[in-house]
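Undergrad: next input, structure requested:
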Amino acid sequence: MIQTIPFHSEARSAAGSRAAHRSNGHAGRLVVIAAVLVALLVGSGAIMLFAGDSDVYAADMQPVNHPAIVVSSGESLWTIAAVYKSSDETIKEYIYKIKKLNGLKESSLRSGQKLLLP
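TA: Numbering: from 1, shown residues only. Sure thing, here's the model as predicted:
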């Protein structure tokens, strides 16, 4: 009885597993490349979203000149608002605008303090 030894099948199995390993390696590289490209696209999109059009809006905006006063002794936001507010707004609304424009968190003022008026 003659026995046949499958030399070629073992060689083919080894070659097949090497080819399979190589194709998995290529797929892994493609995944990495795709991930890098997606990250670059997302990053550039975020930059364009948050910084891209800022010059367009800045060109349309004109600087606003607000009149300024110097606080005298005994003056308060209430007394200043009563003098400078327009007739169609309340004193409270005008005080809110003064505080917002000047970045004030408190309502107390100091003598000599400079305030911008809306």
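Undergrad: what's the following helix or strand after the helix-or-strand element of the chain with minimal mean pLDDT?
TA: None of the helices or strands of the chain scores lower by mean pLDDT, DSSP states H and E than helix 54-60, at a mean of 53. Of the helices and strands lying after helix 54-60 in sequence (DSSP states H and E), the nearest is strand 68-70.
Undergrad: dump the helix or strand following that following strand to CSV, keeping only the CA atoms.
TA: The helix or strand immediately downstream of strand 68-70 is helix 77-84, counting by DSSP H and E. Listed next in CSV are the C-alpha coordinates belonging to helix 77-84 (Å, rounded to 0.1, in the frame of the first residue of the first chain):
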residue,chain,number,x,y,z
LEU,A,77,-27.7,103.6,39.8
TRP,A,78,-31.3,104.6,40.5
THR,A,79,-30.6,108.4,40.5
ILE,A,80,-28.4,108.1,37.3
ALA,A,81,-31.1,106.0,35.6
ALA,A,82,-33.8,108.5,36.6
VAL,A,83,-31.9,111.3,34.8
TYR,A,84,-30.6,109.5,31.7
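Undergrad: what helices or strands is helix 77-84 leaning on?
TA: helix 91-102 (3 or more Cβ pairs under 8 Å, 6 or more residues apart in numbering; DSSP states H and E). For glycine as for every other residue, the C-beta is placed from the backbone atoms N, C-alpha and C.
Undergrad: okay, the angle between the helix it packs on and helix 77-84?
TA: If you take axes from the mean of the first three to the mean of the last three Cα atoms, to 10 degrees, helix 91-102 sits at 100 degrees to helix 77-84.
Undergrad: the next helix or strand after helix 91-102 pairs with which strands, parallel or anti?
TA: Using DSSP H and E, the helix or strand that directly follows helix 91-102 along the chain is strand 114-116. Sheet pairing of strand 114-116 (DSSP bridges) gives strand 68-70 (antiparallel).
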